[in-house]
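Engineer: Return a 3D structure for these sequence lines:
(3 chains)
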Amino acid sequence: MANLLWLQGGACSGNTMSFLNAEEPSACDLVTDFGINILWHPSLGVELGDNLQKLLRDCVSGAIALDIFVFEGTVVNAPNGTGEWNRFAGRPMKQWVKELSAAAGYTVAIGDCATWGGIPATAPNPSDSQGLQFLKRAQGGFLGAGYKSKAGLPVINVPGCPAHPDWISQIVVAVATGRGGDLALDDLQRPKTFFQSFTQTGCTRNMHFAYKVSATEFGQRKGCLFYDLGCRGPMTHSPCNRILWNRQSSKTRAGMPCMGCTEPEFPFFDLAPGTVFKTQTVMGVPKDLPKGVDKKGYIALTGAAKNAAPKWAEEDLFVV
Amino acid sequence: MAVQTLDISPVGRVEGDLDVRVDIENGVVTNAWTQAELFRGFEIILRDKDPQAGLVVTPRACGICGASHLTCAAWALDTAWQTEVPRNAILARNLGQLVESIQSQPRYFYGLYAIDLTNKKYRNSPFYEEAVKRFAPFTGSSYEAGVTISGKPVEIYALLGGQWPHSSYMVPGGVMCAPTLTDITRAWSLLEYFKKNWLESIWLGCSLERYEQIKTYDDFMVWLDERPEHANSDLGFYWRMGLDVGLHQYGGGVGKYVSWGYLPHEDKYQKPTIDSRNAALIMKSGVYDGATDTHVLMDQKFLRENTTHAWYDEGGADVHPFDRTTRPVQKNDIDHAGKYSWATSVRHTDVGRLEAGPFARQLIAGGRHGESWQHYDGLVLDMYKKMGGPNLHLRQIARMHETIKLYRQAEHCLREFRLNDPWYIKPKERDGRGWGATEAIRGALCHWIDVQNGKIKNYQIIAPTTWNVGPRDGAQARGPIEEALVGTPIADTSDPVEVGHVARSFDSCLVCTVHAHDRKTGKELARFRTA
Amino acid sequence: MHSDQEQKLREKIGRMLADGLQTQTEPFPENDTQFGQLLTQLRDIDAKDLKAKLVLSGFTNSPYGEDRMRCQECMYYLVHRKWCDLPELALPVEPDWWCRLWRI
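Structural biologist: Prediction:
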């Protein structure tokens, strides 16, 4: 039995929607099979008004044990640090977040907004938003770099826009089954079990990446999306092609370039003119190269790949 | 009898943070105010950005209606860039929009709405025990089945766009994907699974074909009594319990309705323009006025906004979204006689405040306006008349009735794809103004875009919840939800579940009722709102 | 296009370049924005106007510059078909040719 409270700050509810797509375990399985007691959730909770305010105060005071505090969305600080632009249950949400995270066994940031600030924190960050313990790549965020929950862990960052339901539910199950201590986090506080590998790991277009065949426009039946269409799969840490989305596919498989949404810089280049769905280049060479590859190596690799490329790689692969 | 004032913060299960104040006299709501309490400020983020930034940002304005935002964002750019959109791409966009809406039906009905039927207020109803068995959160038989199966339709979205929510696979000139035969057959199988395991077996208790024979209120009654499977299906059960606990006796609203229409026909909108949209839609646009029983087409040029009671300092005049000089109030104190919400009030120049949503769509589907080939369905309008006008029970029935039609339209898309034809025609990027609209499951949604010098000059959104949750307008007229709350009986002021019923019957979504301004100067930079 | 047609066109382009067709090899697009602007200009050219295409994209019939850039290593070059797969060009080429839409 573990009590879980899920609140939303500057959020679109996308992580909630993603979470509700889960199977094995489904959201209901978490409750019925794993004994997760969902104290309240903005889309699922039964209480309203004063009754909810009392429940929140009991969590803060410890009258109700807050084992897992899940936060979705940014911490809104505007205007002028007051947080009045995001009021919840009678006062600024940021005040609830401060008090609840101090009382929580584990604090989990779900999605880019809660981890790094996400889309709302994109320049010029009009709502003065922060993630729980980061703002973009800078550690600190709303709770400060020194924050640790009662279990002794910093905020567990589960990024993604949205986070995949399995990334959410598996972390919750790990905590609920007493395996919170096994969680190994990377230097951005992401669980390594999900975020060590790359988005490209398992992509169906890997052969086209290897043989340097580009999808030059959308709607094609062959080609890698990295070269022309701005795909960030080779530079992004996520298991999107290992743990498929909605059990079926992934953006890169379906023909949509990875936008790097599990990394703190998302949306990259602040969506400046000319940066959306276009590979950024310098003198004909991609500005961002696959992780760990330098320009010299990249050029050498291209020469070798072109020499080795088989004929089939030039023809449609994902045919009707 | 003294007036008792009740502040409910938050209402909950309305997607985002909605606060409501009601005045209660003799156990009945006599006045109401709805307050949107979240501000994120997306438009300032979009301003001066890549013209396609809306394809990335706006689906993330609302994780619930992301496909609808993406649809609007793509069509808005299509009209601005004067693109050609291939037939397959129109179908692929429509299918994405449809499966998102189908997903929302069980998820909303069980997850957000029907939970309230297990409230202790109804413990004396003969239906109560069964309602708890079916609708109790997480453990109810239908709740668990419905919430779990709601993930299935959007698996089709993942086949097209890689994931739901938050794909950006619709782009000006078409779509990013080029599905294969196995994608199409998989999608068919997913639809069939959904139909077999929930829509027919749990929701209807009959085949789609039998349900589709229902054309009038009387037909519905015949269907209800025809077999126990019908009466005991979740639809039949909800219908009977709703009447027993009196859901048909309140929650009516303004009695006037709006829809932008949706689903452009694959052969009729390949050269999209703002003005040719109405005649290209499978589901026609419209405004229905219940008082005069008249239908007319809707057009974006009729839209006006007023900020008298919203946190903006722009005077009291009604303006078209393109003409606003949005100047937000820096300090968002609540003043129920003055300003009390981030949402503006939206109105039609001639008809006034309008309710948006699936109920509106079904009442408009019952009109004979529009093109002769466009979809017509008179059932809900007939029920509306037979029941003596709007109420929250019928709002639910209308919403769920649409599921069957959404399902059929999804089948249509799968049948009509020509897999070897193009999915994308690369457009030429250019400056210009565009407008894209659709019907999100919860109602009328549209985007305006103004591209100048290769970047976004202005991006604006009017979302269904802006229509519904908006505060009083310049003439002090209440917004649709405020109006719908008046007359609501409140049995227990410590647990005002009835307010929740009414607010949730609109499936309000506050997560993207957002306006933007510079936090430092308070100067208007731009504006952006959704849902 | 059949491969024999492609070969004929390839030879024709080769002759045009050998005969001294002056093309705009400079400036080389420094970034993808400039690259995109070139593509836009290419799209404005009549699809049948081969000469204008070659001129604008700066075709040469030998490797170019200090780094000896050539089609063979270019992103858009299909080795077996000897073809430029950039939709705005879509032309038969030789591995030792080059143009300023070169990308790697």
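Engineer: Setting aside sequence neighbours, what's the nearest residue to the closest residue to chain C within the stretch 251-400 of chain B?
Structural biologist: The minimum distance from the stretch 251-400 of chain B to chain C, using CB to the nearest CB, falls at B:Lys271 (18.1 Å). From N, CA and C alone the C-beta is placed, and that goes for glycine too. With CB to CB, 6 or more residues apart in numbering or on different chains as the criterion, B:Lys271 has its nearest non-adjacent residue at 5.9 Å, and that residue is B:Glu84.
Engineer: rewinding a little: would you verify that the residue of the stretch 251-400 of chain B closest to chain C is located in a strand?
Structural biologist: No - judged by DSSP: H, G, I helix; E, B strand; the rest coil, B:Lys271 forms no part of a strand; its state is coil.
Engineer: Please list the residues of the stretch 151-300 of chain B that sit near chain A.
Structural biologist: B:151, B:154-155, B:157-169, B:171, B:173-178, B:180-181, B:186 (CB under 8 Å from any CB of the partner chain).
Engineer: Report the beta-bridge partners for B:Arg347.
Structural biologist: B:Arg304 (DSSP bridges).
Engineer: Now do the contacts for it.
Structural biologist: Counting by CB atoms under 8 Å, 6 or more residues apart in numbering or on different chains, B:Arg347 makes contact with B:303-306, B:318, B:353-354, B:473.
Engineer: which among those gets closest to B:Val147?
Structural biologist: Proximity of those to B:Val147 (CB to CB) peaks at B:Leu354, which lies at 31.2 Å.
Engineer: What ranges does the chain have for its helices?
Structural biologist: Defaulting to chain A. A:14-19, A:27-32, A:49-61, A:93-103, A:111-115, A:165-176, A:192-195, A:206-210, A:251-254, A:295-308 (DSSP state H).
Engineer: You answered for a different chain; I wanted chain C.
Structural biologist: C:3-18, C:32-44, C:50-57.
Engineer: For A:Trp245, which of those helices is the nearest?
Structural biologist: Of all the helices of chain C, it is helix C:32-44 that lies closest to A:Trp245, at 28.2 Å by CB to CB.
Engineer: near chain B, anything from the closest one?
Structural biologist: Yes - with CB under 8 Å from any CB as the measure, helix C:32-44 is seen reaching chain B through C:40, C:43.
Engineer: Okay, buried residues for that helix please.
Structural biologist: Neighbour-count burial for helix C:32-44 flags C:32-33, C:35, C:38-39, C:42 (criterion: 16 or more other CB atoms under 10 Å in any protein chain shown).
Engineer: one step back: of all the helices of chain C, which lies closest to A:Gly62?
Structural biologist: Here helix C:32-44 is closest among those (CB to CB), at 55.6 Å.
Engineer: hey, C-alpha coordinates of that closest one in PDB?
Structural biologist: Extracted C-alpha coordinates of helix C:32-44, given in PDB (Å, rounded to 0.1, in the frame of the first residue of the first chain):
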ATOM      1  CA  ASP C  32      20.500  25.400 -43.900                       C
ATOM      2  CA  THR C  33      18.600  28.700 -44.100                       C
ATOM      3  CA  GLN C  34      20.700  29.800 -47.100                       C
ATOM      4  CA  PHE C  35      20.400  26.200 -48.400                       C
ATOM      5  CA  GLY C  36      16.600  26.500 -48.100                       C
ATOM      6  CA  GLN C  37      16.600  29.800 -50.000                       C
ATOM      7  CA  LEU C  38      18.400  28.100 -52.900                       C
ATOM      8  CA  LEU C  39      15.800  25.400 -52.900                       C
ATOM      9  CA  THR C  40      13.100  28.000 -53.000                       C
ATOM     10  CA  GLN C  41      14.800  29.600 -56.000                       C
ATOM     11  CA  LEU C  42      15.100  26.200 -57.700                       C
ATOM     12  CA  ARG C  43      11.400  25.500 -57.200                       C
ATOM     13  CA  ASP C  44      10.600  28.700 -59.000                       C
END
